[in-house]
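Q: starting from these lines, generate the structure:
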Amino acid sequence: MHRSPVPYPSMGCVSPRRDVSRPAGTVGPVSELFETESAGLFETESAEPASSAPPAAPDRVDPRAPLAVRMRPRTLGEVLGQSHLLGPGAPLRRLVEGSGAASVLLYGPPGTGKTTLASLISGATGRRFEALSALSAGVKEVRGVIELARRRLLGGEQTVLFIDEVHRFSKTQQDALLAAVENRIVLLVAATTENPSFSVVSPLLSRSLVLQLQSLTSDDIRELLGRACTDERGLAGTVVLADDAREHLVRLAAGDARRALTALEAAADAAQGDHDAPDRPVTIDLETVEASVDKAAVRYDRDGDQHYDVISAFIKSIRGSDVDAALHYLARMITAGEDPRFIARRLVVHASEDIGMADPTALQTATAAAQAVQLIGMPEARLALAQATIHLATAPKSPGVVSAIGAAMADVAAGKAGLVPPHLRDGHYSGAQQLGNAVGYRYPHDHPDGVLPQQYPPDELVGIDYYEPTNHGAERGIRERLGKLRAIVRGRR
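A: Here you go, the predicted model:
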């Protein structure tokens, strides 16, 4: 998937050192592969296609490497999130602990630990580690690594083959892996940010476990930031993170560990550059974070008053037909990291609550937006949310649906729930007619107009009107037609 440039600062990267003694498409130790990852706030592609040899020792950390690389978990105990995959006996945990032998496809958003888990799997039992990037490796490189793994296997040594961005591999490249995976010449660990059902060939899918990684929770990101501030591999206690700055970094991260650490590193660099007392820790405040990552904090607490105030203002702006105000509040919620599913649900409710039959297509648009949120996710789903907001805000309004169901339910609650008229009762069983059920029912489609006089409500509710259409939008025509329908059905014509 192509990723557009983002306004966050890049912290640079360390170029890998090429080892000419290895097959084409491979580089030195796995630690060098990790150093090629950009420290940008979004998951990016490696500059070199592959790496080889066992993982570097856990205590080998290049102090020049980006913070996100230095803080990469060394053991399973340091991994945050993914509890659904790392519980006792779970397939991924067994692989990491060295007792599993199945190839896996790790599918999930950026910054959730796909590369880290691949490294832990390879190091669990001293397996050799080979890494290819689908951005630059071809069939030749794939076959070269497989041949190397085959020779190692003859000596009793197993190889883990990690392929990043596997969805970028062509069908031919993926097919080249099939025999090696099936015969366990390599233990494949492939990572992708796209649904493998659509991007990975079926034979490879059937030979692998598909494990979906989830974005880190807010608590996970908080723990990660705290660890990075104090750990010797990280900032080693040289900075103190203010509460509001930490919460802003959590919102910016949106569940992406790499994004959180890169933003923290940028803020730490800015704070330490202005600090004139190197013997004392420097405090990173909200203003420093905002200035470092070029994105202002939105005053918004998802669990507090701002959450309810902003969504209330959003709905009332739509109800009041102020499309510009509605878009403003929508933007505030999106920027602050509000759950887009929550926004979509409110739009669906509002489509019936305040628009209803004045524009029946409003509900279709809101429902489609909710489906788009589930299907494509953020940030692209913001467009569907904006489209639905514009449609609902500019649509004619009517409270007719709310009033109608409210009045009907009030009568039921008051005990007005009489017997169903006999001619409307079920007659599809033996003996029904002897009870008078369905006797005398008149089939509307037998009438040329498709409607005819007949009692439908219980006796005590005959003549009660629940739905009262307005003169707004489509309800203007419904109002005129409804009067005629009621007159026919109730036998007043």
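Q: how is the protein divided into domains?
A: Domain ranges of the chain: 30-212, 218-293, 305-394, 415-489, per automatic domain parsing.
Q: need the ones you listed in TSV (columns: mean pLDDT, distance to Ala404 and mean neighbour count).
A: Where C-beta positions appear, they are placed from N, C-alpha and C, glycine not excepted. Listed next are these as TSV, based on pLDDT from 0 to 100; distance: least, Cβ to Cβ, whole Å; neighbours: other Cβ atoms under 10 Å:
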stretch	mean pLDDT	distance to Ala404	mean neighbour count
domain 30-212	79	42	19
domain 218-293	88	41	19
domain 305-394	92	9	18
domain 415-489	88	4	13
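Q: so which of those domains gets nearest Ala407?
A: Distance to Ala407, taken as Cβ to Cβ, is lowest for domain 415-489 among the domains of the chain, at 4.8 Å.
Q: still on that earlier bit, now the domains of the chain in TSV, with distance to Ala408?
A: TSV is the format used below for the domains of the chain (distance: least, Cβ to Cβ, whole Å):
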stretch	distance to Ala408
domain 30-212	43
domain 218-293	42
domain 305-394	14
domain 415-489	5
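Q: tell me which of those sits nearest to Gly406.
A: Checking the domains of the chain against Gly406 by Cβ to Cβ gives domain 415-489 as the closest, at 8.7 Å.
Q: for the closest one, how far is the first residue from the last?
A: End-to-end distance of domain 415-489: 25 Å, with Cα to Cα, to the nearest Å as the criterion.
Q: from the chain's centre, how far out does that domain sit?
A: Relative to the centre of its chain, domain 415-489 is centred 46 Å away, using Cα atoms, centre = their mean, to the nearest Å.
Q: one more: stretch 484-493?
A: The answer for stretch 484-493 is 52 Å, by Cα atoms, centre = their mean.
Q: what's in contact with that stretch?
A: Residues from elsewhere that reach stretch 484-493 (Cβ atoms under 8 Å, 6 or more residues apart in numbering): Asp449, Val451, Leu452, Pro453, Gln454, Tyr456, Val462, Gly463, Asp465.
Q: what does stretch 425-435 give?
A: Asn437, Ala438, Val439, Tyr441.
Q: could you dump the residues you listed to TSV with secondary structure?
A: Listed next are these as TSV, based on DSSP: H, G, I helix; E, B strand; the rest coil:
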residue	secondary structure
Asn437	coil
Ala438	coil
Val439	coil
Tyr441	coil
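Q: CSV for those, including distance to Leu161?
A: Putting the contacts of stretch 425-435 into CSV (distance: Cβ to Cβ, whole Å) gives the following:
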residue, distance to Leu161
Asn437, 70
Ala438, 69
Val439, 75
Tyr441, 70
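Q: identify the farthest-apart pair in the residues you listed.
A: Farthest pair in the contacts of stretch 425-435 (Cβ to Cβ) is Asn437 and Tyr441. Separation: 9.3 Å.
Q: enumerate every residue touching the spatially most central residue of the chain.
A: The centroid of the chain falls nearest to Gly377 when counting by Cα atoms, centre = their mean (5.1 Å). Neighbouring residues of Gly377 by Cβ under 8 Å, 6+ apart: Pro340.
Q: what does Leu241 give?
A: By Cβ under 8 Å, 6+ apart, the contact set of Leu241 is Leu225, Gly226, Cys229, Leu249, Leu264, Thr283, Ile284.
Q: circling back: so the residue nearest to the centre of the chain versus Thr193, what's the distance?
A: Look at Gly377 and Thr193: by Cβ to Cβ, to the nearest Å, they are 11 Å apart.
Q: how about Ala137?
A: 18 Å.
Q: now do the strands in this protein.
A: 50-51, 103-107, 128-133, 159-164, 186-192, 208-212, 239-241, 282-284 (DSSP state E).
Q: looking at those strands, which is closest to Pro422?
A: Closest to Pro422 of the strands of the chain is strand 208-212 (Cβ to Cβ; 54.9 Å).
Q: strands paired with the closest one, and their directions?
A: Paired with strand 208-212 in the same sheet, following DSSP bridges, are strand 103-107 (parallel).
Q: relative to strand 159-164, how tilted is the partner strand?
A: Orientation check (axes from the mean of the first three to the mean of the last three Cα atoms, to 10 degrees): strand 103-107 against strand 159-164 gives 20 degrees.
Q: Ala370: what's it in contact with?
A: Arg341, Ala344, Arg345, Leu347, Val348.
Q: as a markdown table, the residues you listed with distance to Phe162 would be great.
A: Shown next, in a markdown table, are the contacts of Ala370 (distance: Cβ to Cβ, whole Å):
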| residue | distance to Phe162 |
| --- | --- |
| Arg341 | 33 |
| Ala344 | 36 |
| Arg345 | 39 |
| Leu347 | 41 |
| Val348 | 42 |
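Q: and those residues, which of them are in helices?
A: Among the contacts of Ala370, the members falling in helices (DSSP state H) are Arg341, Ala344, Arg345, Leu347, Val348.
Q: of those residues, which is the nearest to Arg168?
A: Checking those against Arg168 by Cβ to Cβ gives Arg341 as the nearest, at 29.1 Å.
Q: the closest residue to the closest one other than its chain neighbours and Lys114, how far apart?
A: Excluding the flanking residues, the one nearest Arg341 by Cβ to Cβ, 6 or more residues apart in numbering is Val373, at 5.8 Å. Separation of Val373 from Lys114 (Cβ to Cβ): 24 Å.
Q: just Ile221 next, same as before
A: For Ile221, the distance to Lys114 - Cβ to Cβ - is 17 Å.
Q: same question, Val250
A: Using Cβ to Cβ, we find Val250 at a distance of 21 Å from Lys114.
Q: now do His328
A: For His328, the distance to Lys114 - Cβ to Cβ - is 37 Å.
Q: got it, and Gly87?
A: In this structure, Gly87 and Lys114 are 18 Å apart, going by Cβ to Cβ.
Q: equivalent analysis for Gly255, please.
A: Going from Gly255 to Lys114 by Cβ to Cβ gives 13 Å.
Q: next: Glu130.
A: The gap separating Glu130 from Lys114 is 16 Å, by Cβ to Cβ.
Q: wait, Val348 touches Thr367, no?
A: Yes. Val348 lies in contact with Thr367 (Cβ atoms under 8 Å); the separation is 5.8 Å.
Q: so for the two, which residues contact both of them?
A: Common neighbours of Val348 and Thr367 (Cβ under 8 Å, 6+ apart) do not exist.
Q: quick check, Leu106 in contact with Ser119.
A: No. Leu106 lies out of contact with Ser119 (Cβ under 8 Å); the separation is 11.9 Å.
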